[in-house]
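**Student:** Fold the following and give me the result.
(one chain, ligands or ions: 1)
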Amino acid sequence: MTDTNGGVRTASARAHSNIALAKYWGKRDTPLNIPAVGSISITLDALHTDTTVTFDPALPHDQLVLDDREQPAARITPVLDLVRELGGFTVPAQVHSRNNFPTGAGLASSASGFAALVVAACRAAGVDATTRELSILARRGSASAARSLFGGYVELHTDLDSDGAYAEQLRDETEWPLSVVVAITDRGAKPVPSTAGMQATSATSPFYSAWVDNAESELALVRSAIAQRDFTALGERTEHSCLALHSLMFTTQPPLIYWNAATVALIHTVRELRASGTATYFTIDAGPQVKVLCQPQDADAIAAALASVTGVVETRISGLGAGAHTMPNHATGSH
Ligand code: DP6
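**Tutor:** Residues are numbered from 1 along each chain as shown. Purely as a prediction, here's the structure:
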């Protein structure tokens, strides 16, 4: 914590984005933001959010500047309130946040964003929280953010009572290195945000109850693939979870179709690469980008193949990243 003149307290943090291999979609408890199903993700070192939180008694209310643009603070204030409650004060905050990738486009900017927010806010507030407590706080902002507190392979539990749904690391990022090639097909924000989309799905998709009933057995398969470092099994379960998620989305009324033509072309390209001997698997979230899982030595060739697909505007190769951590204040570029 930095406590400068006039009771101004500031701190900065960095968190990496993550992608789910076993997906979360649907809520068991909306006010507490507890997912209806557990999920397992990998943290990505190439995509991150840097955030500085400054509690300042001179501010009239919370303020958010995201990627140099002032934004409504409504979504971050409830999480800041939880931190202020723990810190025993009510001072408003200014939050400067910057993503090194497109925001709100299905690349999990809310995951890295809320993870960085809670780490910076707790540090600035002098709240000494464990990583598990930080994960619970981040979940209140966005459930996938609970996973970005940790590096490597991470599970977000939901089979727990009360407010305790938290994430835990299954394997460290150094124990089983993998790469992800992110193929960006559209940098724009998605038309339906995840929270609204999943509410519509649980209310209208006839597949929703099967999704919830099936989740635990899927999670067990993904956990076991990670424990055994079985890339084929992990890839197959990852594609299955992705396609089950999008089946839910397609059968939501009105339907949620996050894909564009390039998304479909990329799916076929990944399947062709696999048929010709390259071990690689796709996954897609609430947006048209395709994330492709592969062994590190294959990443460059796969990125080149994906970049040649019509409609791909950018490819990025990522390894597995570390958990969220504090940073020197100047590092976010907001001072
Ligand atoms: C498709 O975590 O963004 O990426 O908790 O409502 O903020 P909220 O939703 P969010 O949803 C992520 C959905 C997903 C799958 C996943 O990351 O598990």
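
**Student:** how close does the closest residue in space to Leu86 that isn't next to it in sequence sit to Arg9?
**Tutor:** What sits nearest to Leu86 in space, not counting adjacent residues and going by Cβ to Cβ, 6 or more residues apart in numbering, is Val127, at 4.6 Å. (Each C-beta comes from the backbone N, C-alpha and C, glycine too.) Noted for Val127: a distance of 11 Å to Arg9, by Cβ to Cβ, to the nearest Å.

**Student:** again, but for Gln295
**Tutor:** According to Cβ to Cβ, Gln295 stands 45 Å off from Arg9.

**Student:** Looking at those two, which has the bigger crowd around it?
**Tutor:** Higher neighbour count among Gln295 and Arg9: Arg9, with 22 against 14, using other Cβ atoms under 10 Å.

**Student:** correct me, but the more buried one touches Cys122?
**Tutor:** No - contact criterion Cβ atoms under 8 Å: Arg9 and Cys122 do not qualify, at 11.1 Å.

**Student:** what's the first-to-last distance across stretch 217-236?
**Tutor:** 14 Å (Cα to Cα, to the nearest Å).

**Student:** Show me which residues of the chain sit near the ligand.
**Tutor:** Within the chain, the residues that sit near the ligand (Cβ under 6 Å from any ligand atom) are 20, 23-25, 33, 39, 110, 142-144, 194-195, 285-286.

**Student:** In strands only, show me those residues.
**Tutor:** The strands in this structure, assigned by DSSP state E, contain 20, 39 from the residues of the chain next to the ligand.

**Student:** burial of Leu248, as a residue count?
**Tutor:** Neighbours of Leu248 under the rule other Cβ under 10 Å: 23.

**Student:** mind listing what Arg271 touches?
**Tutor:** Under the criterion of Cβ atoms under 8 Å, 6 or more residues apart in numbering, Arg271 has no neighbours.

**Student:** That one and Ala227, how far apart?
**Tutor:** As for Arg271, its distance to Ala227 is 27 Å (criterion: Cβ to Cβ).

**Student:** What residues of the helix or strand containing Ala301 count as buried?
**Tutor:** For Ala301, the host element (DSSP states H and E) is helix 299-307. In terms of neighbour count (16 or more other Cβ atoms under 10 Å), helix 299-307 has its buried residues at 299, 302-303, 305-306.

**Student:** mind exporting the strand or helix carrying Leu86 as PDB, just the C-alpha atoms?
**Tutor:** Remark: Leu86 resides in helix 77-87, with elements defined by DSSP H and E. Extracted C-alpha coordinates of helix 77-87, given in PDB (Å, rounded to 0.1, in the frame of the first residue of the first chain):
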ATOM      1  CA  THR A  77     -18.200  -0.300  -7.800                       C
ATOM      2  CA  PRO A  78     -19.800  -3.400  -6.200                       C
ATOM      3  CA  VAL A  79     -16.400  -5.100  -6.100                       C
ATOM      4  CA  LEU A  80     -14.700  -2.000  -4.800                       C
ATOM      5  CA  ASP A  81     -17.400  -1.800  -2.100                       C
ATOM      6  CA  LEU A  82     -16.500  -5.300  -1.000                       C
ATOM      7  CA  VAL A  83     -12.800  -4.300  -0.700                       C
ATOM      8  CA  ARG A  84     -13.700  -1.000   1.100                       C
ATOM      9  CA  GLU A  85     -15.800  -3.100   3.500                       C
ATOM     10  CA  LEU A  86     -12.800  -5.300   4.300                       C
ATOM     11  CA  GLY A  87     -10.600  -2.200   4.600                       C
END
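
**Student:** Fine, thanks again, bye for now.
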